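Asks: here is my input, please return the structure:
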Amino acid sequence: MFSIIAAIGKNRELGKDNHLIFKIKDDMKFFRDATIKHKVVMGRKTWESLPGKLKDRENIVISKNTFDGPDSIIHDMQQFIEDNKNTDEEIFIIGGATIYQAFLPYSKNLYLTEVASTCNEATVFFPDFKPKDYTKTLIKKGSDNGLDFSIFKYTKI
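Replies: Predicted coordinates:
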């Protein structure tokens, strides 16, 4: 099964200039704890934005090109979706926006850190989705660096 994980602002802001907008310690810890020992799937730009390979996870990059670094590179995203959409294994989709958009219809869970803030300079946004199609469960609420946030799990009905 696919699960999407992201931190978004009030207007679904994700990033600016290939960097995260919101850096919240509890969100980073939640991301690490949720994805550890799992496959993480990302686009090339997300891969390039990382400081390095995410430890204790299978790093999979979707790209038309071949390069060194990740555990594997997927050249055919639709084939990867078809091959994995019915697995019991939880596979985390970690960005960017184009990858989120492609996997959204196939994702059972959305783990969203919703930040009670906006960023007018955002250049990348999380895709629009229908919350009524999911059950919403609060995982954690908090504040960090003046940013209030809530981590929710949306499970497709």
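Asks: report the buried residues of stretch 10-20.
Replies: Going by neighbour count (16 or more other C-beta atoms under 10 Å), the buried part of stretch 10-20 is 12-15, 20. Just so you know, the C-beta spots here come from the backbone N, C-alpha and C atoms, and that holds for glycine as well.
Asks: I'd like these laid out as a markdown table, including secondary structure.
Replies: Compiled in a markdown table, the buried residues of stretch 10-20 are given as follows (DSSP: H, G, I helix; E, B strand; the rest coil):
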| residue | secondary structure |
| --- | --- |
| 12 | coil |
| 13 | strand |
| 14 | strand |
| 15 | strand |
| 20 | strand |
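Asks: lowest-confidence entry in those residues?
Replies: Of all these, residue 20 has the smallest pLDDT value, namely 89.
Asks: and that one, how far from residue 124?
Replies: Between residue 20 and residue 124 the computed distance is 10 Å (C-beta to C-beta, to the nearest Å).
Asks: show residues contacting the helix or strand bottoming out on mean pLDDT in the chain.
Replies: Lowest by mean pLDDT, DSSP states H and E among the helices and strands of the chain is strand 19-20, with a mean of 88. Around strand 19-20, the neighbours that count as contacts under C-beta atoms under 8 Å, 6 or more residues apart in numbering are 7, 14, 49.
Asks: which of those lies closest to residue 95?
Replies: Among the contacts of strand 19-20, residue 14 lies closest to residue 95 (C-beta to C-beta), at 7.0 Å.
Asks: near the residue nearest to that closest one when sequence neighbours are not counted, how many other residues are there?
Replies: Spatial nearest neighbour of residue 14, excluding adjacent residues (C-beta to C-beta, 6 or more residues apart in numbering): residue 124 at 4.6 Å. Counted with other C-beta atoms under 10 Å, residues neighbouring residue 124 total 21.
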